[in-house]
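Enquirer: what follows is a predicted structure for the sequence shown.
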Amino acid sequence: MAKRQIDIVAEKMHLNENIKKYLKKVERALIVSIPIMMDDGSLKVFEGYRVHHSTIRGPGKGGIRFSPNVNLDEVKALATWMTWKNSLLNLPLGGAKGGVCVDPTKLSRKELEKLTRRYTAEIINVIGPDIDIPAPDINTNSQIMAWMMDVYSMQKGRSVPGVVTGKPIEIGGSVGRESATGMGLFYIIDALCKKENWSLKSSRVVIQGFGNVGGNIARILYEHGVKVIAISDVSGGLYCKDGLDIENLLQWRDNGGFLNEYDNNNYEFISNEDLLTIQCDILIPAAIENQINISNAEDIDCKAIVEGANGPTTPEADQILRKRKIIVVPDILANAGGVCVSYFEYIQDIHSYFWKLDRIHQELKNILVNTFNDVYLLSKKEKVTLRIAAYMIAINRLARAIELRGIFP
């Protein structure tokens, strides 16, 4: 899917064939075995990955996910998208991604710590503040980043907070990091509504996903008086045409409850598949990749899709949505708030000087809104989708960097 997107944009840009070949390959991919002594005394060996797609514009940057579905191809694709995302925002960073094939819900805290520490030790030679800076992703969090930082720091003989981002604030993390992707989504949605002359407050929003990204954007929209009429987690979704009480649902989630167990006679329980086709103004897929595809793209009923997840829309679905005149704000722009504030955290760690929350939000808004305006303007000028326009900007910067640096040797 990631390679197909490159082909589509390269054709539109008349990109040099050699540059296209270069960008369709990852720089390096590390596969590691992670042996762990489990609590019951048995040995299990997990497989982990760290991929650098491109470091030509700066150190690699990208999250680490712990999931039973993680594989090398997925990590390569995610690393590629991180390259486009960082280039689009004009951050001096490359693209990287990592993961371990594991179901963390089946591990004790002790086993999870062992797994994290051994994985970090195995990839230690390809990470570092000037090489590659990991961050949280699916099923990883600030605690896991703290363990990773500790392993790296112990090996270096000094504290190195800049090796990872998304850390606890007490050891070099940044305020505003946890809600950054959701806050970034809000700034993008607000900018889109202004460009299209839509009223944000009267918009009806549907969100697939109720984790960090989905939960935060739901909360922010709710606090701004926007009706979130449907939301879902792994168990399914809840729908109410008059709007959901997001505050109570977040409390339910944080206490360990799933949406299919939430008792409210005014809410209708729906499947994740049905949620995507509910009539609304703005649809936010904020779960996993490939959710909007050729099988359901014709049934999507909204004015705009704002991609909170990475790769939620397939290229085939993109073509259908374009014909149906549904605006799609691509993942590399819509959900870039996370990596943007990760970059701020990295800067703060390097300088040992930490910013206040209002500065974080102001810097984040400036970068995202300015980038959105550039993408929107180019899409109108070239008569292409926002995704194509975003890729054109990102790939053009990468291509220029490759041309300037040349191909070694």
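Expert: Yep, that arrived.

Enquirer: what comes up buried for the longest strand along the chain?
Expert: Criterion DSSP state E: the longest strand present in the chain is strand 43-54. Using 16 or more other C-beta atoms under 10 Å as the test for burial, strand 43-54 gives Phe46, Gly48, Tyr49, Arg50, Val51, His52, His53, Ser54. For every residue, glycine as well, the C-beta is placed using N, CA and C.

Enquirer: please apply the same query to stretch 56-72.
Expert: Here stretch 56-72 shows 56-67, 70, 72 as buried, counting by 16+ other C-beta under 10 Å.

Enquirer: and whichever helix in the chain runs longest, what's buried?
Expert: Counting residues, the longest helix in the chain under DSSP state H turns out to be helix 357-382. Buried residues in helix 357-382, counted by 16+ other C-beta under 10 Å: 360-361, 363-365, 367-369, 371-372, 374-376, 378-379.

Enquirer: on the three-state scheme, Ser232 is what?
Expert: Following DSSP: H, G, I helix; E, B strand; the rest coil, Ser232 is assigned to strand.

Enquirer: with Phe344 instead?
Expert: Going by three-state DSSP: Phe344 is helix.

Enquirer: list the contacts of it.
Expert: Ser174, Trp355, Ile360, Glu363, Leu364 (C-beta atoms under 8 Å, 6 or more residues apart in numbering).

Enquirer: ok, and what's touching stretch 355-373?
Expert: 88-90, 174-176, 180, 183-184, 187-188, 191-192, 329, 333, 336-337, 340-341, 344, 348.

Enquirer: between the contacts of Phe344, which is closest to Ile207?
Expert: Nearest to Ile207 among the contacts of Phe344, counting by C-beta to C-beta, is Leu364 at 20.2 Å.

Enquirer: confidence score at the closest one?
Expert: For Leu364, the pLDDT comes out at 97.

Enquirer: same check on Arg253?
Expert: For Arg253, pLDDT reads 93.

Enquirer: my read: it touches Asn212, true?
Expert: No - Arg253 lies out of contact with Asn212 (C-beta atoms under 8 Å); the separation is 10.9 Å.

Enquirer: will you turn the contacts of Phe344 into JSON lines that also has distance to Arg405?
Expert: Formatted as JSON lines, the contacts of Phe344 follow (distance: C-beta to C-beta, whole Å):
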{"residue": "Ser174", "distance to Arg405": "31"}
{"residue": "Trp355", "distance to Arg405": "32"}
{"residue": "Ile360", "distance to Arg405": "32"}
{"residue": "Glu363", "distance to Arg405": "28"}
{"residue": "Leu364", "distance to Arg405": "29"}
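
Enquirer: out of these, flag the one nearest to Cys302.
Expert: Scanning the contacts of Phe344 for proximity to Cys302, where the rule is C-beta to C-beta, the winner is Leu364, at 25.5 Å.

Enquirer: just to revisit the earlier point, are any of the contacts of stretch 355-373 buried, and which?
Expert: 88-89, 174-176, 180, 183-184, 187-188, 191-192, 329, 333, 336-337, 340-341, 344, 348.

Enquirer: among the residues you listed, which are in helices?
Expert: Those of the buried ones among the contacts of stretch 355-373 lying in helices (DSSP H): 88, 180, 183-184, 187-188, 191-192, 333, 337, 340-341, 344, 348.

Enquirer: name the residues of the helix or strand of the chain with the lowest mean pLDDT that are buried.
Expert: Among the helices and strands of the chain, helix 2-13 carries the lowest confidence by mean pLDDT, DSSP states H and E, at a mean of 87. For helix 2-13, a neighbour-count test (16+ other C-beta under 10 Å) marks Ala2, Gln5, Ile6, Ile8, Val9, Ala10, Met13 as buried.

Enquirer: against which helices or strands is it packed?
Expert: Contacts defined by 3 or more C-beta pairs under 8 Å, 6 or more residues apart in numbering; DSSP states H and E place helix 2-13 against helix 17-23, helix 72-88, helix 315-323, helix 386-405.

Enquirer: which residues touch stretch 204-212?
Expert: 178, 181-182, 214, 217-218, 221, 226-233, 237, 243, 249, 253, 259, 272, 275-276, 278, 280-287, 291, 302, 308-309, 312.

Enquirer: domain map for this structure?
Expert: What automatic domain parsing lists as the domains of the chain is 25-161, 180-333.

Enquirer: could you tell me the least trusted of those domains?
Expert: Among the domains of the chain, domain 180-333 scores lowest, at a mean of 93.

Enquirer: which residues touch Val234?
Expert: Contacts of Val234 (C-beta under 8 Å, 6+ apart): Phe258.

Enquirer: quick thing: my sequence starts at 8, can you match it?
Expert: Yep, numbering from 8; the last one is Val241 now.

Enquirer: state the distance from it to Gly180.
Expert: Distance, Val241 to Gly180, using C-beta to C-beta, to the nearest Å: 27 Å.

Enquirer: please apply the same query to Pro111.
Expert: Where Gly180 is concerned, Pro111 sits at a distance of 21 Å (C-beta to C-beta).

Enquirer: who has more neighbours, these two?
Expert: The neighbour comparison of Pro111 against Gly180 (other C-beta atoms under 10 Å) goes to Gly180, with 23 against 18.

Enquirer: that one - nearest residue in space that isn't next to it in sequence?
Expert: Residue nearest to Gly180 in three dimensions, not counting chain neighbours: Lys174, with 3.9 Å by C-beta to C-beta, 6 or more residues apart in numbering.

Enquirer: heading C-terminal from the longest strand of the chain, find the next helix or strand.
Expert: strand 67-74 (DSSP states H and E).

Enquirer: which residues are contacting that next one?
Expert: Taking C-beta under 8 Å, 6+ apart as the rule, strand 67-74 contacts 57, 59-61, 85-86, 89, 93, 98, 100-111, 122, 138-147, 151, 155, 173, 346, 349-350, 353.

Enquirer: quote the end-to-end distance of stretch 218-237.
Expert: 14 Å (C-alpha to C-alpha, to the nearest Å).

Enquirer: so which bits of it are buried?
Expert: So stretch 218-237, judged by 16+ other C-beta under 10 Å, has buried residues 218-229, 233-237.

Enquirer: from the chain's centroid, how far away is it?
Expert: 17 Å (C-alpha atoms, centre = their mean, to the nearest Å).

Enquirer: likewise for stretch 55-73?
Expert: That offset, for stretch 55-73, works out to 13 Å (C-alpha atoms, centre = their mean).
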